[in-house]
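Using only what follows, build the 3D model:
(chains A, B, C and D)
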2 protein chains.
Amino acid sequence: MKWSDLSDNWCPVARTLSLVGDRWTMLILRDCFLGLSRFEQFIASSGMTRHILADRLKRLVEAGVLERKAYTTTPKRYDYVLTEKGQELAPALLTLKDWGKKHMPVRRATSA
Amino acid sequence: MKWSDLSDNWCPVARTLSLVGDRWTMLILRDCFLGLSRFEQFIASSGMTRHILADRLKRLVEAGVLERKAYTTTPKRYDYVLTEKGQELAPALLTLKDWGKKHMPVRRATSA
DNA sequence: CCGGATGAGTTTCATTTTGGAACTATGGCA
DNA sequence: TGCCATAGTTCCAAAATGAAACTCATCCGG
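Below you'll find the predicted structure:
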């Protein structure tokens, strides 16, 4: 079964995951909740590649989770900001944060 | 950046997602919360392919989220059951469920 | 004993997705 | 004019995924 087919699944968890259940989307949203809003900020913060970010932003805007607002018109540049719908994902991010703090300690394999 | 590198990220959300942030893992956990526990049940319920399921189960067991318990010894067969650590992901699933019910209506593109 | 069914994977191969890096476009600024 | 910044887009190789077939062990019916 294709992943995208889940958007019509009977299960609301599956439908939610069809939008935010890939490897990077939630991190973009985390960054939005941290106050970031621009392409280069997301790149710097998350470490994802540029074309994946471009694709995910497009999907999130189409889904109504983010809104793309121009902040300059002449070179067209945009802020990506959470909509009301996007804001309501906050509880999900918070539960993931709490679980991570409790159950996913940093291994620090790269510490000095 | 490789996805798997996130397991040592400073952000607990990112660390959590390094385990459950792929396209299918959360659905396995959803099934566990619904009471399913066996390979063929997960296959039937989720629609994922067999080798992806096998891989994800292995990862979840290694991470201590699921426990693999033999229920027959002579053709070795196993139940996959949530550990305490896994149980504690319930709030995350519930927030995703609530958000999906509110914001991801079924489009029913394939209805009669 | 033979043939099929069941449960849990494993293997193979084609298609997609991703990671990494370079390239494009627009305009500011020295 | 040349360089920088922002925001993408394009290209290619590497990795992940989807689909289907195959394996293995055991039970069951005849």
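
Near DNA strand C, which residues of chain A are found?
Selection of chain A residues close to DNA strand C by Cβ under 7 Å from any atom of the strand yields A:3-4, A:22-24, A:48-52, A:55, A:74-75. For the C-beta atoms, the positions are set from N, CA and C on the backbone; glycine is no exception.

10 Å instead?
Contacts of chain A with DNA strand C, taken as Cβ under 10 Å from any atom of the strand, map to A:2-4, A:22-25, A:43, A:46-56, A:59, A:72-77.

Buried only: go through these for me.
A:Asp22, A:Arg23, A:Trp24, A:Thr25, A:Ser46, A:Gly47, A:Met48, A:Ile52, A:Leu53, A:Arg56, A:Arg59 (16 or more other Cβ atoms under 10 Å in any protein chain shown).

List the contacts of the nearest residue to the first one once chain neighbours are set aside.
The one in question is A:Asp22. Leaving aside its chain neighbours, A:Asp22 sits nearest to B:Arg23 (5.8 Å; criterion: Cβ to Cβ, 6 or more residues apart in numbering or on different chains). Counting by Cβ atoms under 8 Å, 6 or more residues apart in numbering or on different chains, B:Arg23 makes contact with A:Trp3, A:Leu17, A:Gly21, A:Asp22, A:Arg23.

Assign B:Arg23 to helix, strand or coil.
Using DSSP: H, G, I helix; E, B strand; the rest coil, the structure places B:Arg23 in coil.

roughly how far apart are A:Glu62 and A:Asp55?
11 Å (Cβ to Cβ, to the nearest Å).

Repeat that for A:Arg77.
19 Å.

and if you look at A:Gly100?
The value you get for A:Gly100 to A:Asp55, if Cβ to Cβ is used, is 25 Å.

go on, A:Asp79?
Taking Cβ to Cβ, one finds A:Asp79 at 18 Å from A:Asp55.

Give me the neighbour count for A:Glu62.
10 (other Cβ atoms under 10 Å in any protein chain shown).

got a list of what it touches?
Applying Cβ under 8 Å, 6+ apart, no residues contact A:Glu62.

For A:Ala92, give me the pLDDT.
Listed pLDDT for A:Ala92 reads 97.

pretty sure it is in contact with B:Thr95, am I right?
Yes - if you go by Cβ atoms under 8 Å, A:Ala92 and B:Thr95 touch, sitting 4.1 Å apart.

Between the two, tell me which one has more neighbours.
A:Ala92 (24 against 21).

check which helix or strand covers the more buried one.
helix A:90-103 (DSSP states H and E).

moving C-terminal of the strand or helix carrying A:Val13, what's the next helix or strand?
In the assignment (DSSP H and E), A:Val13 maps to helix A:12-20. Later in the chain than helix A:12-20, the nearest helix or strand by DSSP H and E is helix A:25-33.

can you list contacts of that following helix?
Residues outside helix A:25-33 that contact it (Cβ under 8 Å, 6+ apart) are A:19-20, A:41-42, A:45-46, A:48, A:53, A:56-57, A:59-60, A:65-66, A:80-82, A:86, A:89-90, A:93, A:96, B:11, B:13-14, B:17, B:21.

Great, nothing more from me.
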